[in-house]
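> Structural data only, the sequence is not supplied:
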């Protein structure tokens with residue numbers, strides 16, 4: 001039987017070991033909670049910084065009519081896009097207003113025309129079928145009747161060439177078009193010109209059927225023209241964008 005002092009020494013040793021183990025476990029638990037608390041504080045701080053940055057960062061500003069650059073003061077942005085297939089109508093944005101979309105009931109197959117009267121700011125929209133019927137002469141008469149101080153936007157939809165007469169091509173050429181003589185079946189074409197004054201830049205594009213990627217089945221890519229118009233009632237001109 002061990003002596004009393006030895007028993008007490010053994011008990012003290014066991015108590016010491018148990019105490020050490022408990023302290024170690026407690027330290028691990030406290031350290032884990034401290035680390036977890038520190039991580040949570042860090043996450044909260046990062047989230048706060050991100051929220052503050054998001055509030056301060058200005059949102060990207062889209063230019064009117066989706067132009068690549070901002071127009072100078074007093075200029076009027078425009079973007080003219082031809083139609084696509086039978087269901088994709090032409091589009092005209094002017095001063096950030098969707099002119100053709102607001103007059104969709106007036107659009108149709110053939111030549112779609114919007115006329116801006118600078119003196120009043122009024123815009124008139126008309127469409128002339130160039131696939132069936134005889135609408136070349138009415139279109140010519142309309143174009144010839146426009147007063148000086150008019151800006152004319154023309155965009156094809158579906159087909160603008162089949163019933164387009166030589167006379168109409170001549171009139172459009174006299175208005176400044178360089179491509180109207182080359183317009184063929186289901187080519188896409190857009191043209192912007194002025195009556196009684198010349199635009200500082202030439203705004204016209206033709207996309208031939210079969211010579212570009214056919215984005216709409218039997219129809220080619222859109223033809224597009226865009227820029228910044230500067231004008232007033234006494235001095236009319238246009239600056240390139």
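Thanks, I have it. Quick caveat, the model's predicted, so the values are computed rather than measured. Numbering: from 1, shown residues only.
> who touches the spatially closest residue to residue 208 that is not a sequence neighbour in this structure?
Nearest non-adjacent residue to residue 208, counting by Cβ to Cβ, 6 or more residues apart in numbering: residue 187, 5.0 Å away. Any C-beta I mention is one placed from the backbone N, CA and C, and that applies to glycine too. Neighbouring residues of residue 187 by Cβ atoms under 8 Å, 6 or more residues apart in numbering: 156, 160-161, 206-209, 220.
> Can you tell me how far residue 187 is from residue 171?
As defined by Cβ to Cβ, to the nearest Å, residue 187 lies at a distance of 18 Å from residue 171.
> what does residue 230 give?
Per Cβ to Cβ, residue 230 is found 27 Å from residue 171.
> what does residue 195 give?
Distance, residue 195 to residue 171, by Cβ to Cβ: 12 Å.
> What part of the protein, helix or strand, is modelled with the least confidence?
Using mean pLDDT, DSSP states H and E, strand 236-239 stands out as the lowest-scoring helix or strand of the chain, at a mean of 38.
> For stretch 74-90, the averaged confidence score.
Mean per-residue pLDDT for stretch 74-90: 92.
> Would you mind listing the buried residues in stretch 137-157?
By 16 or more other Cβ atoms under 10 Å, the buried positions in stretch 137-157 come out as 139-140, 143, 146, 149-157.
> care to break the chain down by domain?
Taking automatic domain parsing as the reference, the chain has its domains at 1-57, 64-239.
> Least confident of these, on average?
Across the domains of the chain, domain 1-57 has the smallest mean pLDDT, namely a mean of 57.
> For residue 106, which non-adjacent residue is closest in space?
Closest residue in space to residue 106, ignoring its immediate chain neighbours: residue 125 at 4.6 Å, by Cβ to Cβ, 6+ apart.
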